[in-house]
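Q: Take a look and give me a structure for this.
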Amino acid sequence: MKPHRRNQLLLVGLLATMSALAVGLALTAFDESMNLFYDPAQIVAGEAPTDRTIRTGGMVLTGSVVRDKASLKVTFGVGDLAGAEYQVEYTGILPDLFREGQGVIATGRLGADGTLIAEQVLAKHDETYMPPEVAKALEKAHADRGGPPMPAATLNSPRVPDAVAREVGNSALDSAEAQL
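A: Modelled structure (predicted):
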């Protein structure tokens, strides 16, 4: 084999090896940074992994918020319409919109006892918005209870606030909603 040909083969082999290594490292980094969404029913059923960070959401259960007096630690329950419930433990400052009966998205790891140790808690930002993952999970839970499926689109559709409806009257409300 001629030295020029051998150098070309070595260069091609080196480039192929480096490319494979770069793709492998990129895929590993992507896999580690991806957080999959699990609804409350999946967490209760044990379908969520305990060895990686996950995202989950639902409604904060009424009467479940317990604040530690000596620290920023807060424990609260999260559930869905089907009755699946689990506990979330979070240390930090909660969002201003966080309250019982409010939708939340939490990111963290599941403990051995099924409690989510949250690194981040996000509260739903207004009364009509619902994250797509939560809307689908609630729609599925509603359908599992035997009722007709609740379209996720109606959960996010704009509507006139009740205060405006009382102030303006029903006839104006009908025409305003017709324009939406």
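
Q: any idea of the mean pLDDT in the helix ranked longest in the chain?
A: The longest helix of the chain (DSSP state H) is helix 3-33. Mean per-residue pLDDT for helix 3-33: 86.

Q: again with stretch 132-147
A: 74.

Q: what comes up buried for it?
A: 133-135, 137-142 (16 or more other C-beta atoms under 10 Å). C-beta coordinates here come from the backbone N, C-alpha and C atoms, glycine included.

Q: could I get those as a markdown table with distance to Val66?
A: Conversion of those to a markdown table gives the following (distance: C-beta to C-beta, whole Å):
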| residue | distance to Val66 |
| --- | --- |
| Glu133 | 26 |
| Val134 | 23 |
| Ala135 | 28 |
| Ala137 | 25 |
| Leu138 | 25 |
| Glu139 | 30 |
| Lys140 | 29 |
| Ala141 | 25 |
| His142 | 29 |
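
Q: do you know how far Leu94 is from Phe76?
A: 9 Å (C-beta to C-beta, to the nearest Å).

Q: Comparing the two, which residue is more hemmed in?
A: Legend: neighbour count by other C-beta atoms under 10 Å for Leu94 and Phe76, higher for Phe76 (22 against 17).

Q: Now do the phi/psi pair for that one.
A: phi -150, psi 160 (degrees, to the nearest 10).

Q: about what we covered before: what's the following helix or strand after the longest helix of the chain?
A: Downstream of helix 3-33, the first helix or strand assigned by DSSP states H and E is strand 36-38.

Q: Averaged pLDDT, the helix or strand that that following strand is followed by. What do you get?
A: Remark: after strand 36-38, the chain's next helix or strand is helix 40-44, criterion DSSP H and E. Helix 40-44 shows a mean pLDDT of 89.

Q: Against which helices or strands is helix 40-44 packed?
A: strand 54-60, strand 85-91, helix 132-144 (3 or more C-beta pairs under 8 Å, 6 or more residues apart in numbering; DSSP states H and E).

Q: Which one of these lies nearest to Gln102?
A: strand 54-60 (5.4 Å; C-beta to C-beta).

Q: can you give me the angle that closest one makes with strand 85-91?
A: Here strand 54-60 runs at an angle of 110 degrees relative to strand 85-91 (axes from the mean of the first three to the mean of the last three C-alpha atoms, to 10 degrees).
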